[in-house]
Structures are given as structure tokens and as C-alpha cells.
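> build me a structure from this.
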Amino acid sequence: MLRVKHFSILVLNSLFAVSFVNAAADKTAMADDLYQQAVIPWEQGRSSGWELMLKAADAGNTEAMCLIANSYMTSALVSSKESDIYFERAAKAGGLCGMLALSDIGVGPILSSSLTETNGSENWSDKVVAKSKSLAEKDDLEGIKTYAFIYAARKDYNTYCKWLERAAKLGDADSMNKLSGAIRDGCGWYIVPGSRDKAVHHWIEQSAHHGNPRAMEKMAGYAREKLDFPMMFSWLEKAANTGNFNSIRLISSYLMGGSEFTIIVPENMRDNVKAYGWLYTIVQQLPEDKSDISYAATLEDMAKLEKVLLPEELNKAKSWANEWMKTHQVRSYFLEFGM
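Okay, here's the model as predicted:
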């Protein structure tokens with residue numbers, strides 16, 4: 001009987017352990033789901049994005065905690081009481097972004113006297129280095145990018161590029177784009193004439209093919225320099241179809257002729273109807289903000305087009321835009337690509 005009772009206790013303990021692990025996994029999944037729900041409205045500047053991001057943070061998502069913390073900062077380098085609280089919560093929950101914010105690596109995102117390395121109770125610099133290194137060596141993208149950033153903050157740019165290239169080779173479009181810029185700025189050794197430019201172009205193109213709208217815009221720029229307007233518009237349309245706000249602004253400007261740029265688009269490639277359609281998606285899907293220069297420019301361009309387009313052309317543009325908006329969302333992509 002004693003043996004049976006002992007066995008039963010072991011079984012119960014195992015069941016409790018499994019139940020605890022499952023509950024923790026469910027909580028993490030719920031927090032991650034809330035974060036994903038928050039991303040687009042957050043990038044659109046909607047109050048619902050803030051509310052969802054707060055819920056994600058309170059549910060335990062460390063990325064959300066750091067975003068809320070950054071939003072509470074009084075300036076780019078000066079924290080507030082609220083930002084300190086959320087950064088510390090993220091750090092104590094194991095979030096690399098929180099640890100990095102509270103570290104003294106580089107100038108540090110926080111200069112709060114209560115949470116800097118000298119006054120804080122935790123050695124966050126050592127912790128973020130150790131954890132990011134451990135994760136990076138296991139090919140964890142967040143770990144690699146954080147570890148790479150630490151080397152950049154220490155001005156060891158070649159090691160920064162080495163880790164950035166590792167993330168790029170794992171398929172991270174953001175790292176590919178950053179790597180191209182780092183190579184352009186002098187990272188790595190390229191002895192053969194022209195090989196550095198080829199490497200820059202290679203990683204921009206790879207980033208574009210992996211979904212980065214900023215890289216797609218750069219590919220459009222390469223085509224524009226060659227006066228290859230069909231290819232330029234092909235890349236711009238791909239970028240705009242991601243929903244990226246800047247790309248939509250850019251393609252609409254070129255479709256109107258691109259008079260504000262150094263290279264003017266040929267008359268036969270302009271399309272005011274399509275330009276208006278793209279602009280219409282912005283005012284329909286983003287909250288009105290006339291204080292934003294780009295949003296104000298959108299309204300100005302639409303007013304110009306409304307003076308030259310016929311009523312049926314305006315209807316055609318809106319009809320196209322309405323179809324596009326059934327499957328697309330205008331957003332900034334700042335959270336994914338820092339744009």
C-alpha cells in the first residue's frame with residue numbers, strides 16, 4: 001500500500017508540474033497574441049493600439065513593456081517614473097530590451113539616476129551580454145541582433161557586422177537591410193574594386209525579396225538611377241502593397257510626375273487616377289493628423305488631383321482603393337523594420 005501511495009504522489013506531482021507548464025505556456029501565448037493584435041493599430045497611431053499594447057505588457061510580453069516604457073520617456077534619453085517601471089519589469093521578466101535599457105552599454109537609452117548601473121541593484125550590463133550571447137549562439141534572432149547592437153555600441157563595428165550577417169543569413173530582412181548600410185559605411189574588407197558596392201546591392205536586394213519595404217524602395221532607387229521606370233514602378237508597387245505608409249506616399253508622388261524629385265517621370269508612365277487611389281487608402285485607414293507633415297502633404301496632393309480628375313475618374317480611384325483595402329492595411333512598419 002505504501003508503494004502504491006508513493007507512486008500516486010509522484011503521479012500527482014507530475015500532473016501538477018505539467019499543468020503549471022501548460023498554464024505558463026498559455027499565458028505567454030496570450031501575451032504574444034495581444035502584442036500581435038496591437039502592432040498595426042499601434043503603428044497607425046490609434047488609441048486601440050495603445051490599449052492593446054498595455055494589455056500585452058500587463059500579460060507579460062516584454063516587447064510590449066519596452067514599447068510602453070519608450071512611450072513614457074520624456075525625451076530620447078531621459079526617462080520618467082512610468083518608463084522606469086516598465087523597463088524594469090521587462091528586464092526582470094528576462095526581456096533583452098529591458099536589460100539593455102537599464103544597462104550602461106554605450107550611452108544607454110535611460111539616464112535615470114535611480115536605475116543606472118551605478119545606482120541600480122542589478123548588474124544589467126553583464127546580464128544582457130551573457131543572455132544575448134547565449135541566445136545568439138543558438139541562432140535566436142533577438143539574441144543575435146541584441147548582441148550585435150552591443151558591439152556597435154562599443155564601436156566594434158566588424159564584430160557587429162559579423163553577427164548582423166549571421167542574422168541576415170538566417171533570413172531576417174531587417175538585418176539584411178542594416179548589414180547593407182554597415183557595409184556601405186565601411187564594415188568588412190572588400191579589396192577588389194566594386195566588390196563593396198556589389199555586397200551592398202546584394203543585401204538590399206535580399207532584404208527586399210524578404211519583405212522589407214524600405215529595401216524595396218532602395219531597389220526602386222537603383223532602377224530610377226538607370227532610368228528604368230518600369231522596374232522602378234514594379235518595386236514601388238511591391239513596397240506599397242505591403243501597406244507601408246512611406247512607400248504609398250512615394251509611389252503616388254511618382255505617379256503624379258515626381259516634380260519634387262531630380263528625375264521626372266515620363267508623361268506616358270504617369271497615372272493620376274492610381275495616384276489618387278493610393279492616397280485615398282491613407283486617409284481612409286489612418287486617423288486624421290494634420291500636424292503630421294506627411295499626412296498634411298497627402299491631403300494637399302489629393303486636393304490637387306481633385307481639381308484635374310473627372311468625377312468618374314475619382315470614383316474609379318476610390319473603387320480601386322476600396323478593393324485594395326479589403327486585404328491590406330496602411331501602417332508604418334516601424335516595429336518590424338524601425339521605419
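
> shouldn't residue 328 be within a strand?
No: with DSSP: H, G, I helix; E, B strand; the rest coil as the criterion, residue 328 is coil rather than part of a strand.

> please name the residues that touch it.
Under the criterion of C-beta atoms under 8 Å, 6 or more residues apart in numbering, the contact list for residue 328 reads 241, 243, 281. Where C-beta positions appear, they are placed from N, C-alpha and C, glycine not excepted.

> which residues of this structure score low on pLDDT?
Judged against pLDDT under 70, the low-scoring parts of the chain cover residues 1-25, 75-78, 106-122, 339.

> ranges for the strands of it?
When assigned using DSSP state E, the chain turns out to have no strands.

> and it, what are its domains?
23-59, 61-154, 156-210, 212-339 (automatic domain parsing).

> chain center to the last one: distance?
A distance of 20 Å separates the C-alpha centroid of domain 212-339 from that of its chain, computed with C-alpha atoms, centre = their mean, to the nearest Å.

> do the same with the third one
Centroid displacement of domain 156-210 relative to its chain, using C-alpha atoms, centre = their mean, is 18 Å.

> what is the end-to-end distance of that domain?
Across domain 156-210, the terminal residues are separated by 27 Å (C-alpha to C-alpha, to the nearest Å).

> buried ones in stretch 84-104?
By neighbour count, and taking 16 or more other C-beta atoms under 10 Å as the criterion, the buried residues in stretch 84-104 are 84-91, 95-103.

> in helices only, show me these.
Among the buried residues of stretch 84-104, DSSP state H puts 84-91, 96-102 in helices.

> can you show me the helices along the stretch 101-250 of the chain?
In the stretch 101-250 of the chain, helices defined by DSSP state H, counting those that start in this stretch lie at 124-137, 141-153, 157-169, 173-184, 195-209, 213-225, 229-240, 245-255, listed in chain order.

> want to throw those into TSV with mean neighbour count and distance to residue 65?
Formatted as TSV, the entries for the helices of the stretch 101-250 of the chain read as follows, by neighbours: other C-beta atoms under 10 Å; distance: least, C-beta to C-beta, whole Å:
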stretch	mean neighbour count	distance to residue 65
helix 124-137	18	14
helix 141-153	21	14
helix 157-169	20	23
helix 173-184	23	20
helix 195-209	18	28
helix 213-225	21	26
helix 229-240	20	31
helix 245-255	23	26
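
> any idea how far stretch 134-147 is from the chain center?
Centroid separation between stretch 134-147 and its chain, computed with C-alpha atoms, centre = their mean, is 17 Å.

> same question for stretch 97-106.
Using C-alpha atoms, centre = their mean, the offset of stretch 97-106 from its chain centre is 19 Å.

> now that stretch - C-alpha only, PDB.
Only the C-alpha atoms of stretch 97-106 are listed here, as PDB (Å, rounded to 0.1, in the frame of the first residue of the first chain):
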ATOM      1  CA  CYS A  97      15.200  45.200 -24.400                       C
ATOM      2  CA  GLY A  98      14.600  46.000 -20.800                       C
ATOM      3  CA  MET A  99      18.000  44.700 -19.700                       C
ATOM      4  CA  LEU A 100      19.700  46.800 -22.400                       C
ATOM      5  CA  ALA A 101      17.700  49.900 -21.500                       C
ATOM      6  CA  LEU A 102      18.900  49.600 -17.900                       C
ATOM      7  CA  SER A 103      22.500  48.800 -18.800                       C
ATOM      8  CA  ASP A 104      25.400  51.200 -19.100                       C
ATOM      9  CA  ILE A 105      26.300  49.900 -22.600                       C
ATOM     10  CA  GLY A 106      27.000  52.800 -24.800                       C
END
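
> tell me how many other residues surround the nearest residue to residue 83 once chain neighbours are set aside.
By the measure of C-beta to C-beta, 6 or more residues apart in numbering, the closest residue to residue 83 outside its immediate chain neighbours is residue 72, 3.9 Å from it. Burial of residue 72 is recorded as 16 neighbouring residues (other C-beta atoms under 10 Å).

> what's the answer for residue 268, then?
Each residue near residue 268 was counted by other C-beta under 10 Å, and the total is 7.

> if I pick it, what's in contact with it?
Contact partners of residue 268, counting by C-beta under 8 Å, 6+ apart, are absent.

> ok, it to residue 234 distance?
Taken as C-beta to C-beta, to the nearest Å, the spacing of residue 268 relative to residue 234 amounts to 16 Å.

> same check on residue 92?
The span separating residue 92 from residue 234 equals 48 Å under the rule C-beta to C-beta.
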